[in-house]
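Novice: Quick check, what structure comes out for this input:
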Amino acid sequence: MMLHYYHKDSMKLFRRKNPGVQQVIEVEKDEVSQALAEVVSEVEKKEKKLGWKERRKEKKKEKKEKLKIRRKGIEVEPYDPEKHGELAIAPEVEGYKEVERYWLEKPYAFASILFNEDENDYLYQVNEPTLNPFEMEVRNEIEEKLRDVLILEEVNPFVDKEEQLIEAVNQMIKDFRIKIDPVTYYKIIYYMVRDFIHYGKLTPLMKDPLIEDISCNGYGIPVYVFHRNYMNVSTNIVFEEEELNSYVISLAQKSGKHISIAEPMVDASLPDGSRIQMTLGKEVTSHGSTFTIRKFRDEPITPIHLIKWGTFSSEEMAYLWICIENSKSLIFAGGTASGKTTSMNAISLFIPKKAKIVSIEDTRELMLPHENWIPAVTRDAFQGEIGKIDMYDLLRAALRQRPEYILVGEVRGKEALTLFQAMATGHTTYSTLHADSVSGVIHRLENPPINVPRPMIEALDIISIQAQTYTGGKRVRRNIELTEIVDLDPHTKMLRTSTVFAWDSVKDEHKMVGNSKALEDIKTHRGWTTKELEFEMDRRRKILEFLAEKDIMDYKRVSGVVHAYQNKPDKVLKQLGIE
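Specialist: Take a look at the predicted model:
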């Protein structure tokens with residue numbers, strides 16, 4: 001067997017020759033150059049902004065072409081708002097004034113934020129196409145017959161579901177010789193896709209990137225949302241009792257779960273990754289069926305997002321970057337919706353690219369750019385306790401997979417002891433915990449049902465305390481403190497801690513307030529002087545501030561820069577123009 005190596009223009013080719021076999025495999029461009037080229041290109045685009053009008057016109061033209069639908073003899077001209085009028089119109093609500101409006105799915109649905117000055121109350125209004133009596137009759141007729149057609153026909157897994165649905169609708173319009181104008185056609189298509197493919201009445205809310213949570217507290221009660229800008233807001237979406245029961249059952253089916261009067265409570269993940277908790281009927285909730293959806297972001301949060309939002313400072317992120325890269329274990333603690341899992345996902349981008357990672361969760365939330373990653377999820381029992389796989393089982397299995405980093409969604413039971421045993425044996429672990437202070441974290445870990453012995457807690461390096469708080473009259477998420485476990489006092493048997501960073505609530509600033517044992521350990525391990533350690537921290541801080549200043553927040557580009565720096569730091573600094 002002969003191996004030939006060839007290198008040119010940052011491309012790597014290797015050719016393997018065997019008798020009768022010749023294989024040429026092209027390996028992707030040098031990852032450092034590729035990642036940096038993307039970031040530099042992005043910066044140049046944002047700074048120069050050349051030809052943006054031409055690009056916008058080109059995109060509009062492409063979109064119009066895509067809107068032109070020809071399926072099985074049906075031809076419909078593209079929708080033109082100037083010619084056909086608006087599809088969705090916002091009705092006035094007495095006592096409320098519109099303060100903001102933005103598209104959710106142009107040109108079909110948009111959101112209106114309304115405000116009532118007398119009651120100091122906001123209303124989130126979903127505006128969709130209004131159907132006249134004829135259009136409503138056509139919609140109901142097609143919907144009823146479409147259900148029968150879709151039950152009998154097999155769905156082609158290799159063709160987009162939306163395309164197959166539109167073809168079926170077009171075929172039905174042709175077969176029944178329904179004469180409809182372009183406006184009616186686009187309205188019908190919108191509602192068919194909304195109800196059959198997506199989430200029905202909730203589809204506009206699911207498509208709003210500013211909404212974090214969606215809550216339905218029973219029938220006849222408005223659906224509530226948690227909006228990033230307006231906090232808890234009621235909407236104009238209301239379910240009737242039977243409608244709500246059917247809707248909850250359909251959500252359970254979309255999640256691959258079963259819900260019934262016998263088992264009226266279900267926790268699950270929707271197809272897009274959002275977490276959902278459901279109850280059916282009045283068995284456990286007196287107002288009828290309920291559901292709460294915690295939405296899953298399409299694009300993962302990066303450290304740059306957290307810096308720009310003020311959750312962490314660039315100095316804190318540089319500290320976490322160097323600690324994570326050097327295998328320091330960390331727990332994110334805080335109350336509900338304080339951003340624990342989000343922060344853990346974001347700092348996971350600092351894990352070296354080739355490191356072996358295993359994540360363990362109840363419902364899948366973490367998204368990492370790493371290939372050498374095993375995402376594990378718990379499973380409910382089929383009957384009784386048969387087939388049940390909990391976090392403890394997954395963690396035990398993970399330790400046999402020789403991971404360098406273990407990420408656990410949340411520790412709350414006997415799996416915590418195994419997790420701390422893993423820390424003590426050299427595995428780097430990250431997890432979340434419900435507690436509002438460092439003392440609260442230690443108290444929860446030491447007491448039932450977790451019961452971790454105090455000497456084992458010493459294996460934990462850093463605790464991050466997060467909270468939802470207020471600054472400038474707005475509710476925000478902040479990292480309250482970053483504290484290190486120093487050691488166990490041999491005389492008093494008390495854990496000694498050191499707060500490294502703390503948040504100043506008056507100035508809304510993060511300040512370094514203490515010395516870091518973790519950094520001292522890293523300095524010793526790497527053979528750095530104090531000046532070299534400070535220089536390394538400063539370089540990483542400058543890179544993070546550069547990305548934040550240039551609005552480079554795409555997780556692929558951010559992780560590309562991070563991983564490139566781990567390989568060739570001087571080249572990264574030179575290409576980004578950082579001294």
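
Novice: Which residue ranges of the stretch 151-300 of the chain form strands?
Specialist: All strands of the stretch 151-300 of the chain, identified by DSSP state E, counting those that start in this stretch, fall at 211-216, 222-227, 231-238, 265-269, 275-279, 290-294.

Novice: For residue 109, find the nearest of those strands.
Specialist: strand 231-238 (11.8 Å; C-beta to C-beta). Any C-beta I mention is one placed from the backbone N, CA and C, and that applies to glycine too.

Novice: and that closest one, what's its mean pLDDT?
Specialist: Across strand 231-238, the average pLDDT comes to 96.

Novice: which other helices and strands contact that strand?
Specialist: strand 121-127, strand 222-227 (3 or more C-beta pairs under 8 Å, 6 or more residues apart in numbering; DSSP states H and E).

Novice: how about stretch 542-562 as CSV, C-alpha atoms only?
Specialist: Taking Å, rounded to 0.1, in the frame of the first residue of the first chain, the C-alpha atoms of stretch 542-562 are listed here in CSV:
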residue,chain,number,x,y,z
LYS,A,542,-10.1,41.6,23.1
ILE,A,543,-11.2,38.9,20.7
LEU,A,544,-14.6,38.7,22.5
GLU,A,545,-15.0,42.5,22.5
PHE,A,546,-14.1,42.6,18.8
LEU,A,547,-16.8,40.1,17.9
ALA,A,548,-19.3,41.9,20.1
GLU,A,549,-18.4,45.3,18.5
LYS,A,550,-18.8,43.9,15.0
ASP,A,551,-22.0,42.0,15.8
ILE,A,552,-20.5,38.6,14.9
MET,A,553,-22.9,36.4,16.9
ASP,A,554,-23.5,33.4,14.6
TYR,A,555,-22.5,30.4,16.6
LYS,A,556,-20.6,28.8,13.7
ARG,A,557,-18.5,31.8,13.2
VAL,A,558,-17.9,32.4,16.9
SER,A,559,-17.0,28.8,17.5
GLY,A,560,-14.8,28.9,14.4
VAL,A,561,-12.8,31.8,15.8
VAL,A,562,-12.6,30.2,19.3
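
Novice: List the buried residues of that stretch.
Specialist: 542-548, 550, 552-555, 557-562 (16 or more other C-beta atoms under 10 Å).

Novice: which non-adjacent residue is nearest residue 283?
Specialist: Closest residue to residue 283 apart from its sequence neighbours, by C-beta to C-beta, 6 or more residues apart in numbering: residue 264 at 4.4 Å.

Novice: Help me confirm that the one you found comes into contact with residue 277.
Specialist: No. Contact between residue 264 and residue 277 fails when scored by C-beta atoms under 8 Å: they sit 11.7 Å apart.

Novice: Parallel or antiparallel, which strands does the longest strand that the chain contains pair with?
Specialist: For the chain, the strand that runs over the most residues, judged by DSSP state E, is strand 474-488. As defined by DSSP bridges, the strand partners of strand 474-488 come to strand 462-471 (antiparallel), strand 495-504 (antiparallel).

Novice: Please render these as JSON lines that adds distance to residue 220, mean neighbour count and mean pLDDT to the earlier fields.
Specialist: Converted to JSON lines, the strands paired with strand 474-488 look like this (distance: least, C-beta to C-beta, whole Å; neighbours: other C-beta atoms under 10 Å; pLDDT from 0 to 100):
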{"stretch": "strand 462-471", "distance to residue 220": "30", "mean neighbour count": "19", "mean pLDDT": "94"}
{"stretch": "strand 495-504", "distance to residue 220": "42", "mean neighbour count": "18", "mean pLDDT": "96"}
